[in-house]
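missing the sequence, but the structure's below:
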């Protein structure tokens, strides 16, 4: 009898969790412990895995010139795709106008979060004062910067750093196996996440502000199918093989609303997909700060939704100025707690828009977060493949992606 795949188990857990939360709301809320433990287990993987794979990738084969070229190409790709995402969100929210006729009588104004995004703060945050502290906080960008410099130092030292490079190679292999073990718990984590969400907010969380939710889902679907589909075609990336590589991490990111939960599996699958280790371990973490396609699309749509709900007409010029502002400020979202809310509130303040509609958005934010997080992950997986093709890497092989069941076999 064919063994049930991880994807199937996650789908079963997703539906079972929603049903359990609906039938037993109080018990469903208590199930959040399952998702909390699972995400903590996954977070324990991220820092050592990124450090080991990046150091070995640089010191074991790549060199500083190659990494500089890869970084530049990645940044160019990130900027183009996230700009397209902003304007896709702008187009959909203007066409469907989900904010028209929204009742704001019961909505309360929110205070802007204390944290503000500045370019000085973003640059300062990029560089770690202590790699131990960065790893403890799972600060992906700081770990990447330290690992790059450490890998370059190992490459410069040469033979004397051989033991360190071999250690990092062994550590990366151990962490990939550790990831496979942790993934056995993925269905339990998904079950707990869905049960607690539905148990706490009720089924209404799936239907409140349905027009906004449907507009966002339609915009994200258009972006994935048309925009990312065009990128796959132009870069000559094998579609079927790519879908097989990303489907499990995508579903995991969607169901847990956590990119970190899916990152280790995504790194492993993209490496087996054919992307070299030094590219995938550099481009995907860098994308956490610079290539959040789903989040930037969401910010564009949410900003205009607020104006529509408040009955404020924004000219095309004002909307374009808002998109240019988001184009800059959204690049620092990974460096700020409650990132999307901080960026959204800051943009509204800049353009003199009210905050009451934000309280309504937060009512369905659990659902929107699942969608934008999974698109963020998908966009970063594709970014790694595109940069690999740009570097002349042949990724047309037939290796199968890693899943928990495949590893067990």
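Arrived safely. Treat the numbers as computed from the prediction; the structure is a model and nothing was measured.

ok, and the closest non-adjacent residue to residue 237?
Distance criterion CB to CB, 6 or more residues apart in numbering; nearest residue to residue 237, sequence neighbours excluded, is residue 385 at 5.2 Å. In this view, the C-beta of every residue, glycine as well, is placed from N, C-alpha and C.

what about the one you found, helix or strand, and which?
helix 365-390 (DSSP states H and E).

then residue 240?
In this assignment (DSSP H and E), residue 240 forms part of helix 239-256.

check what pLDDT residue 60 gets.
The per-residue pLDDT reported for residue 60 equals 66.

actually residue 144, not the one I wrote
pLDDT at residue 144 comes out at 78.

so which strand or helix has it?
Using DSSP H and E, residue 144 falls in helix 140-157.

what angle do whichever helix or strand comes after that helix and helix 239-256 make?
Stepping forward along the backbone from helix 140-157, the first helix or strand reached (DSSP H and E) is helix 162-183. Interaxial angle, helix 162-183 versus helix 239-256 (axes from the mean of the first three to the mean of the last three CA atoms, to 10 degrees): 70 degrees.

which is the next helix or strand following helix 162-183?
With DSSP H and E, the next secondary element past helix 162-183 is helix 186-201.

run through who's touching that following helix.
By CB atoms under 8 Å, 6 or more residues apart in numbering, the surrounding residues in contact with helix 186-201 are 6, 9-10, 12-14, 16-18, 20-22, 24-39, 205-206, 252, 255-257, 261, 363, 366, 404.

can you turn the buried part of those residues into a ChimeraX selection?
Applying 16 or more other CB atoms under 10 Å to those leaves a buried subset, and the ChimeraX line that selects it is:
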select :6,9,10,13,14,17,18,20,21,22,25,28,29,31,32,34,35,38,39,205,206,252,255,256,257,261,366,404
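
so for the host helix or strand of residue 300, what gets flagged as buried?
Following DSSP H and E, one finds residue 300 within helix 293-309. In terms of neighbour count (16+ other CB under 10 Å), helix 293-309 has its buried residues at 293-309.

how far off centre is it?
How far helix 293-309 lies from its chain's middle: 17 Å, per CA atoms, centre = their mean, to the nearest Å.

may I see the buried residues of the first helix or strand past that helix going along the chain?
Downstream of helix 293-309, the next assigned helix or strand under DSSP H and E is helix 316-329. Applying a neighbour-count criterion of 16+ other CB under 10 Å, one finds 319, 322, 323, 325, 326, 327, 329 buried in helix 316-329.

stretch 46-66 now?
46-60, 62.

so which bits of the longest helix seen in the chain are buried?
The single longest helix within the chain, with elements called by DSSP state H, is helix 64-96. The neighbour-count check on helix 64-96 (16+ other CB under 10 Å) flags 67, 70, 73-74, 77-78, 81-82, 84-90, 92-93, 96 as buried.
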